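1. A structural model of the following input is requested.
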Amino acid sequence: TKKKRRLVLDVLMKEILSLNPYPQFIEMTIGLVDSRN
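-> Below you'll find the predicted structure:
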């Protein structure tokens, strides 16, 4: 299930990146989420 969760996360991030003009902020957020898992 962890792999599936990662896949969902990747899709979600791509969606957010396409909408969000601040990729650095997104990358920082991903980093925080990843470090918690």
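
2. can you list the weak-confidence ranges in the protein?
-> Scanning the chain for pLDDT under 70 picks out the ranges 20-23, 36-37.

3. Give me the buried stretch members for the helix or strand hosting Leu7, please.
-> With elements taken from DSSP states H and E, the one containing Leu7 is helix 2-19. Buried residues in helix 2-19, counted by 16 or more other C-beta atoms under 10 Å: Met13. For glycine as for every other residue, the C-beta is placed from the backbone atoms N, C-alpha and C.

4. Numbering from 840 from now on, please.
-> Got it, first residue is 840 now, which makes that one helix 841-858.

5. Show me what that helix packs onto, helices and strands only.
-> helix 862-875 (3 or more C-beta pairs under 8 Å, 6 or more residues apart in numbering; DSSP states H and E).

6. Just want the most central residue of the protein.
-> Met852 (3.9 Å; C-alpha atoms, centre = their mean).

7. so that residue sits right up against Gly870, yeah?
-> No - if you go by C-beta atoms under 8 Å, Met852 and Gly870 don't touch, sitting 11.4 Å apart.

8. circling back to that earlier point, quick one: work out the angle between the helix holding Leu846 and helix 862-875.
-> 160 degrees (axes from the mean of the first three to the mean of the last three C-alpha atoms, to 10 degrees).

9. Grab the CA positions of helix 841-858 and hand them over as CSV.
-> Extracted in CSV, the C-alpha atoms of helix 841-858 (Å, rounded to 0.1, in the frame of the first residue of the first chain):
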residue,chain,number,x,y,z
LYS,A,841,3.0,2.3,0.5
LYS,A,842,3.8,2.1,-3.2
LYS,A,843,0.3,2.9,-4.1
ARG,A,844,0.3,5.9,-1.7
ARG,A,845,3.5,7.2,-3.3
LEU,A,846,1.9,6.9,-6.7
VAL,A,847,-1.1,8.9,-5.6
LEU,A,848,1.2,11.5,-4.0
ASP,A,849,3.1,11.8,-7.3
VAL,A,850,-0.1,12.3,-9.3
LEU,A,851,-1.3,14.8,-6.8
MET,A,852,2.0,16.7,-6.9
LYS,A,853,1.9,16.9,-10.7
GLU,A,854,-1.6,18.3,-10.5
ILE,A,855,-0.5,20.9,-7.9
LEU,A,856,2.6,21.8,-9.9
SER,A,857,0.4,22.4,-13.0
LEU,A,858,-1.7,24.9,-11.0
